[in-house]
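In: Got a sequence here, can you build the structure:
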Amino acid sequence: MAEATEPRRKIKELEVMVADAVRETPDTTTLVLFTGNDKLEYAPGHFCTVDPHQFDALERWTAYLEDLKGRREAPRAYSLSSSPHERYIAITVKEERYQPGATKYPPLLSPLLVRGLHAGRRMVVTGFTGPYTPPEDLESRTDHLVHLVAGSGSVPNFSILKQSLHLGQRLRHTFIYSNKTHADICFRAELEALERKHSDKLRVVHLLTRETDDSVFGPQVRKGRVTLELLRELIPAPDTCLVYACGPGIGPHERQAAKEKGVEPQPRFLETALRLLSELGVPSQRIRRESYG
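Out: So this is what the prediction gives:
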């Protein structure tokens, strides 16, 4: 993993108002946030944090989980789906699910953000930061930026993609996006519009792992998971591209559960993607990664 570096940034709290709540998929919502006159300085790929303690509706649930865990509930981090050139900030949140054996505790904040906030609601966010950002000299490092993402891992990459196209950077983008079904694809219409507008710079390829409707498949929508053969097709020069890979990875609870059983945890999207990129011959220093789990 190549560590992205950035100068120290001043983190500040912002009181924002929900201007719109856009349902992207059945379990994912984009919150468009109005910030007033605050000057927003952030880079594409940055995230902000949201403290669950500010929501009265979560007070009892927060107190219960803190008693159960023996520690204070921490703020949750959400990547910005907006880009710095846009006149608003936005976070796109996927509702977490409680999965016995895979997650230790039921989710606290994401169900409220996805389903419980409406236009006019005020809240506080803290930001902006994070190492998953393109370098200032990006164009001197590569002419091909590969986005290898799954699920809500598309969020920071969508921000990076929009900003690059807006700036007119001399880069080709390949956006490889894995989901379970066609209905689970975030930003589907926006990605299609960007590909039409920038057909010389952007190629989008969707991978669907559990889709049963064969009519949705075609050259841009493939069946199955990411494979070495697919990466060979889409990354003809693995030694000169730059890859931003983001998606579900092995979480702490999964690692602990596997350790207790004396086995290795099962790889998830990110671990599989990194292994395939290595097999393809992409140098590790040309890969940026971000995971959730």
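In: Report the next helix or strand after the lengthiest strand in the chain in sequence order.
Out: The residue-count maximum for a strand in the chain (DSSP state E) belongs to strand 12-25. Once strand 12-25 ends, the next helix or strand along the chain (criterion: DSSP states H and E) is strand 28-34.
In: Check what contacts that following strand and list those residues.
Out: 16-24, 81, 88-95, 113-115, 117, 125, 152, 186 (C-beta atoms under 8 Å, 6 or more residues apart in numbering). Where you see a C-beta, it was placed from the backbone N, CA and C, and this is true even at glycine.
In: rewinding a little: which secondary structure elements does the longest strand of the chain contact?
Out: Packed against strand 12-25 by the contact rule (3 or more C-beta pairs under 8 Å, 6 or more residues apart in numbering; DSSP states H and E) you find strand 28-34, strand 89-94, strand 122-129.
In: Direction-wise, compare that strand with strand 28-34 and give the angle.
Out: Taking axes from the mean of the first three to the mean of the last three C-alpha atoms, to 10 degrees, one finds that strand 12-25 is oriented at 140 degrees with respect to strand 28-34.
In: Which positions within strand 12-25 qualify as buried?
Out: Judged by neighbour count using 16 or more other C-beta atoms under 10 Å, the buried positions of strand 12-25 are 14, 16, 18-19, 21, 24-25.
In: Same question for stretch 78-96.
Out: For stretch 78-96, burial by neighbour count (16+ other C-beta under 10 Å) applies to 78-84, 86, 89-96.
In: which of these lies closest to residue 198?
Out: Nearest to residue 198 among the buried residues of stretch 78-96 is residue 83, at 14.2 Å by C-beta to C-beta.
In: Doesn't that closest one belong to a strand?
Out: No: secondary structure assignment (DSSP: H, G, I helix; E, B strand; the rest coil) places residue 83 in coil, not in a strand.
In: and the gap between it and residue 227?
Out: Using C-beta to C-beta, to the nearest Å, residue 83 is found at 31 Å from residue 227.
In: can you list the residues that contact stretch 180-190?
Out: By C-beta under 8 Å, 6+ apart, the list of residues contacting stretch 180-190 from outside reads 24-26, 28, 81, 92, 151-152, 154-155, 158, 177, 179, 206, 208-213, 216, 221.
In: Quick check on those: which are buried?
Out: Buried subset of those (neighbour count, 16+ other C-beta under 10 Å): 24-25, 28, 81, 92, 151-152, 154-155, 158, 177, 179, 206, 208, 211, 221.
In: What does the residue nearest the centre of the chain show for phi and psi?
Out: Among the residues of the chain, residue 153 comes closest to the average C-alpha position under C-alpha atoms, centre = their mean, at 2.7 Å. According to degrees, to the nearest 10, the main-chain angles of residue 153 amount to phi -60, psi -10.
In: hey, where'd the strands end up in the stretch 101-250 of the chain?
Out: With strands called from DSSP state E, counting those that start in this stretch, the stretch 101-250 of the chain shows them at 122-129, 144-150, 172-179, 202-208, 221-223, 242-248.
In: For residue 195, which of those strands is the nearest?
Out: Nearest to residue 195, of the strands of the stretch 101-250 of the chain and by C-beta to C-beta, is strand 202-208 at 5.0 Å.
In: Show me the longest helix that occurs in the chain.
Out: Ranked by number of residues, the top helix in the chain under DSSP state H is helix 154-167.
In: What residues of it count as buried?
Out: 154-165.
In: from the residues you listed, which two are the most distant?
Out: Spanning the widest gap among the buried residues of helix 154-167 are 155 and 165, at 16.5 Å by C-beta to C-beta.
In: circling back to that earlier point, roughly how far apart are the residue nearest to the centre of the chain and residue 129?
Out: From residue 153 over to residue 129 the distance is 18 Å, taken as C-beta to C-beta.
In: tell me the helices in the stretch 151-293 of the chain, going along the chain?
Out: With DSSP state H, counting those that start in this stretch applied, the stretch 151-293 of the chain shows helices at 154-167, 188-197, 228-234, 252-261, 269-280, listed in chain order.
In: Residue 219: how many residues sit nearby?
Out: Other residues lying near residue 219 total 6 when counted by other C-beta atoms under 10 Å.
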